[in-house]
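Asks: just coords:
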Ligand code: NA7
């Protein structure tokens, strides 16, 4: 480790995923800043670099899960599958970085170890694990929301296991061979479901440890045929414009007529509506009812219907019942898109073990032991156990704001931010889709563009008005957090133990971590901030105007 002299730049951007690549382009080419990007991996990709486990795939349509700001970029890329697999998304991001010529601004294989505000200089000092130190006026946290895995100390004894052991979130670059092996999979979220579909193809035996049964709906992934690709290209600009205006940031559910509630609908009418729409796939099916996340009765009808579809698929009624979620309403945990998941339970080489009431007590040299003493032996354990979502990656930056205040102390009662972007006490620091931003119910790449645009505009407003420091006010941030938790608490989301509430991580503060609203509304709020002359921010210590 060498200590080199301080490198002065206008802005540091942390991360080279969707957010970092666009942020470097925007700040360099449109705001005119000298920018340094810092990325822990050896290349561009972000979470789409690390989550390279077999079967990894996006659960948003590929034509929507991409940048929308440049028609030229859109036209220079063809998606080959309806839902893009991880290697294709990573290749797309590398292609984008080359088109925008931002690769040269990044220090790769470099991890940020601390980000400290220097009160005297009114600048940030950013340190890295390579001994480089940067002095920057602005810092953009584009480190992602699902980029820090849960602390493995939760999995008692896992170090003792003598077989092969993998975490899906840091999958090796080399191919892993499951063939003939006794494989244990822990976790049945989006990740566990996707990798199970692959492991089941060749494993000698796959045992899936399920704590909470999740709702999974058919993804219906398929190859995009040449005619469709041509159509996509010809209609790209219009499609992307529609994505931006759609409630979820994607182009499905294009009928703008008001959607019905399933509550109070006559049984035969509801059944016919569900039956007609089910074959179109889970994505479309879940957009036929208006009040799914707020109306218990409406939600129950849809949950019941999806449970029946699970029962249709799985031959063994006992296994089918175990796979039916009973403890949370559909959509209160992130919905899973499956492409054959339920069918694997009809194979002889797959078994399901519920660890809900009989939890994994500890991992052992040969496998694991459950609370009731049952021992299981495996050749390989695959952990698809999720992330310290949303706040974990921000906290990992080692942030210290004004007067040396640590972020952990500021966020002790919940992750208070101004519109998911700025933190009072942490001037000139901007998060891209940070806590209480529209991270879970809106298409991320579109939201990322909105946040980067907002960041660029905030920086530009600051510099254009001859100021050097912009900081969200405590009052504005508290008001925003009240909006986000109001939306959350008035929905069905608090009924689930999800990462939306932070309760998937032992000891993490239960709070509101996401904005349960469309990115369209977030964009309107951000526009109002700008129109009010950066309402809710202080520039060089002077509060400009009240929050919108
Ligand atoms: P998730 O959705 O957080 O899923 C993690 C899974 O691992 C889930 O089934 C958990 O059960 C299970 N888990 C976690 N810890 C344990 C322990 N200690 N014992 C047993 N089972 C455990 O992460 P994913 O990677 O699948 O998906 C993350 C996001 O990526 C997803 O939402 C999409 O946005 C894309 P639990 O449900 O907590 O009972």
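Replies: Yes, it's here. Because the structure is a prediction, the values reported are computed rather than measured. Residues are numbered from 1 along each chain as shown.
Asks: Could you tell me which residues of the chain lie near the ligand?
Replies: Counting by CB under 6 Å from any ligand atom, the positions of the chain adjacent to the ligand are 146, 154, 186-192, 209, 211-212, 334, 355, 360, 384-387, 497, 499, 504. (Each C-beta comes from the backbone N, C-alpha and C, glycine too.)
Asks: now, which of those residues lie within helices?
Replies: Judged by DSSP state H, helices contain the following of the residues of the chain next to the ligand: 190, 191, 192.
Asks: Export these as a markdown table, with columns for pLDDT, distance to residue 456 and neighbour count.
Replies: Output for those, formatted as a markdown table (pLDDT from 0 to 100; distance: CB to CB, whole Å; neighbours: other CB atoms under 10 Å):
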| residue | pLDDT | distance to residue 456 | neighbour count |
| --- | --- | --- | --- |
| 190 | 98 | 31 | 22 |
| 191 | 98 | 33 | 25 |
| 192 | 98 | 38 | 27 |
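Asks: Filter the residues of the chain next to the ligand down to the buried ones and express that as a PyMOL selection.
Replies: Entered in PyMOL, the line below selects the buried ones among the residues of the chain next to the ligand, by 16 or more other CB atoms under 10 Å:
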select buried, resi 146+186+187+188+189+190+191+192+209+211+212+334+355+360+384+385+386+387+497+499+504
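Asks: Filter the residues of the chain next to the ligand down to the ones in strands?
Replies: 186, 209, 360 (DSSP state E).
Asks: got a list of what the first one touches?
Replies: So that's residue 186. 155, 192, 209, 360, 381, 382, 383, 384, 385 (CB atoms under 8 Å, 6 or more residues apart in numbering).
Asks: ok, the second one touching residue 198?
Replies: Spelled out, it's residue 192. No: Residue 192 lies out of contact with residue 198 (CB atoms under 8 Å); the separation is 11.2 Å.
Asks: Helix, strand, or coil at residue 237?
Replies: What DSSP: H, G, I helix; E, B strand; the rest coil gives for residue 237 is helix.
Asks: ok, it to the ligand distance?
Replies: Separation of residue 237 from the ligand (CB to the nearest ligand atom, to the nearest Å): 28 Å.
Asks: Can you tell me how far that residue is from residue 226?
Replies: Applying CB to CB, to the nearest Å, the value for residue 237 to residue 226 is 20 Å.
Asks: Have a look at the two and say which one is more surrounded.
Replies: residue 237 (13 against 9; other CB atoms under 10 Å).
Asks: Is it correct that the more buried one is in contact with residue 70?
Replies: No: applying CB under 8 Å, one finds residue 237 not in contact with residue 70, separated by 10.5 Å.
Asks: any idea which helix or strand carries residue 477?
Replies: Here residue 477, judged by DSSP states H and E, is contained in helix 474-489.
Asks: what sits up against that helix?
Replies: When contacts are defined by CB under 8 Å, 6+ apart, helix 474-489 is touched by residues 414, 416-420, 422-425, 436, 494, 500-501, 511-512, 514-517, 535-537, 547.
Asks: so who does residue 183 touch?
Replies: Counting by CB under 8 Å, 6+ apart, residue 183 touches 199, 203, 204, 205, 206, 207, 378, 379, 380, 381, 382.
Asks: That should have said residue 515, apologies.
Replies: Neighbour list for residue 515: 420, 436, 437, 438, 439, 441, 484, 487, 522 [criterion: CB under 8 Å, 6+ apart].
Asks: now residue 136
Replies: 8, 9, 10, 11, 12, 36, 123, 124, 126.
Asks: same check, this time on residue 401
Replies: Per CB under 8 Å, 6+ apart, neighbours of residue 401: 117, 407, 410, 423, 425, 426, 427, 429.
Asks: Distance check, the second one against residue 424.
Replies: Right, the one you point to is residue 407. Plainly put, residue 407 is 11 Å away from residue 424 if you go by CB to CB.
Asks: Going by residue numbers, what spans are strands in the stretch 351-500 of the chain?
Replies: With strands called from DSSP state E, counting those that start in this stretch, the stretch 351-500 of the chain shows them at 360-363, 367-370, 375-377, 380-383, 399-400, 429-431, 470-472.
Asks: no no, the stretch 1-150 of the chain
Replies: Using DSSP E, counting those that start in this stretch, strands in the stretch 1-150 of the chain cover 6-14, 35-38, 106-107, 112-118, 123-128, 133-141.
Asks: Redo those strands as a markdown table? Include mean pLDDT.
Replies: Below are these laid out as a markdown table (pLDDT from 0 to 100):
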| stretch | mean pLDDT |
| --- | --- |
| strand 6-14 | 98 |
| strand 35-38 | 98 |
| strand 106-107 | 98 |
| strand 112-118 | 98 |
| strand 123-128 | 98 |
| strand 133-141 | 98 |
